[in-house]
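Visitor: show me the folded form of this:
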Amino acid sequence: MENTIRWGIIGCGNVAELKSGPPLYRTPGSELVAVMRRDAAKAEDFARRHNVKRWYTDARALVADPDVNAVYVASPHYLHLEHVTLAAEAHKIVLCEKPMGTGVAEAQAIVEVCQRNGVPLNVAYYRRFWYVTRAIKRLLNEGAIGRVLQARVQLSALIADYFADDARYAWLNSRTQSGGGVLANAGSHWVDLIRFFLGEVTDVMAYCSSQASGFEIEDTLSAQMRTRDGALVSLLLTFESPASINEFDILGTEGRILGGPLAEGFWKLERRGKNPELVNFPYSGTAHSDFITELIPNLLCQQPALIPGEEAVAAWKIMEAIYRSCENGARISVE
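Guide: Just a heads-up that it's a prediction; the model follows:
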């Protein structure tokens, strides 16, 4: 059994720089030994600044590195299947960025190629491991607010112009290459957390719009969802407002849970006949830190995946139903 997970990163861009890269070399039992980016100067610069031994401009070369036993795929969405396939066929452990491919078909293909080659696959829906997320999940499991009636899930950030104006991220402005806009990008985290907190979604009704100049895919979306247990969920997403909002607001028969903005902030519990409880918490570190801290011992002990690829397939089924509803104005069942 391996005693160290030795990572190679395919796609050492902003996500690896700001969210995932540092935990891969700061976590005990984990090393970052190689990185790959098509731009040689940027690959070398990343490697130098993060004390990485080797850098490559070709994904095949990184996967073939004998010192790499795990591959983190952080390339553009449309390259996930290609890059996971390379890693799986080389029998490397795989961690793939969300939303994992550009739709249900690609996500399912990623799951299957890892199964055929007998390699572990996790998807980076890391927000499940944040302090506030776990607190909300615990309260719901304990029945703190009774039966959930409805929830509001909201994301607001002003980044549409960044996607449209920066040529390096032109793929994010393409439905074919990204899978979609605000929903497939940041919104996929919220779809995953809706399932994590409230269970399976049975049907959706949604509207999309694109109001940013030069933005080809949706920058604003509103979806109504119904869960298997009958809860009604409003999902509100936009990349066009200067307001910074990341929050869950869950109402039940016995009270309310409000949490935000999740990476840091607070959670508040209001219950029938009791004083409100408010817990503030600081920023816990680089976004992937809590997830990677638990992922490494999980991989070293060869335990079942923390967030298996099937979770990404399930999220994509909901997102594809939302996009179909946006296109034809009808209520769509989630297959």
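Visitor: partners of residue 32 in the sheet?
Guide: On the basis of DSSP bridges, residue 32 is bridged to residue 7.
Visitor: list the contacts of it.
Guide: 7, 9, 21, 24, 25, 50, 52 (Cβ atoms under 8 Å, 6 or more residues apart in numbering). In short, each C-beta sits where N, CA and C put it, glycine included.
Visitor: residue 283 contacts residue 289, correct?
Guide: No - using Cβ atoms under 8 Å as the test, residue 283 is too far from residue 289 to be in contact (10.2 Å).
Visitor: returning to that earlier point: can you lay out the contacts of residue 32 as TSV showing neighbour count, secondary structure and distance to residue 203?
Guide: Conversion of the contacts of residue 32 to TSV gives the following (neighbours: other Cβ atoms under 10 Å; DSSP: H, G, I helix; E, B strand; the rest coil; distance: Cβ to Cβ, whole Å):
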residue	neighbour count	secondary structure	distance to residue 203
7	26	strand	40
9	32	strand	38
21	25	helix	39
24	28	helix	39
25	15	helix	44
50	18	coil	45
52	23	coil	46
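Visitor: so which of residue 283 and residue 289 has more stuff around it?
Guide: residue 289 (18 against 9; other Cβ atoms under 10 Å).
Visitor: ok, the closest residue in space to the more buried one that isn't next to it in sequence to residue 106 distance?
Guide: In space, and not counting its chain neighbours, residue 289 is closest to residue 23: 4.7 Å by Cβ to Cβ, 6 or more residues apart in numbering. Distance, residue 23 to residue 106, by Cβ to Cβ, to the nearest Å: 26 Å.
Visitor: confirm the residue nearest to residue 289 sits in a strand?
Guide: No - using DSSP: H, G, I helix; E, B strand; the rest coil, the assignment for residue 23 is helix, not a strand.
Visitor: distance of it from residue 129?
Guide: For residue 23, the distance to residue 129 - Cβ to Cβ - is 11 Å.
Visitor: give me the common contacts of these two.
Guide: By Cβ under 8 Å, 6+ apart, the residues touching both residue 23 and residue 129 are 291, 293.
Visitor: now do the contacts for the residue nearest to residue 289.
Guide: Applying Cβ under 8 Å, 6+ apart, the residues near residue 23 are 30, 285, 286, 288, 289, 291, 292, 293.
Visitor: from the residues you listed, which two are the most distant?
Guide: Spatially, the most separated pair among the contacts of residue 23 is 30 and 285, at 14.6 Å (Cβ to Cβ).
Visitor: which SS state does residue 257 fall under?
Guide: Bear in mind the rule, three-state DSSP; under it residue 257 is strand.
Visitor: reduced to three states, what does the residue nearest to it when sequence neighbours are not counted come out as?
Guide: Counting by Cβ to Cβ, 6+ apart, residue 250 is the residue found nearest to residue 257 once chain neighbours are left out, at 4.6 Å. Of the three states, residue 250 takes strand under three-state DSSP.
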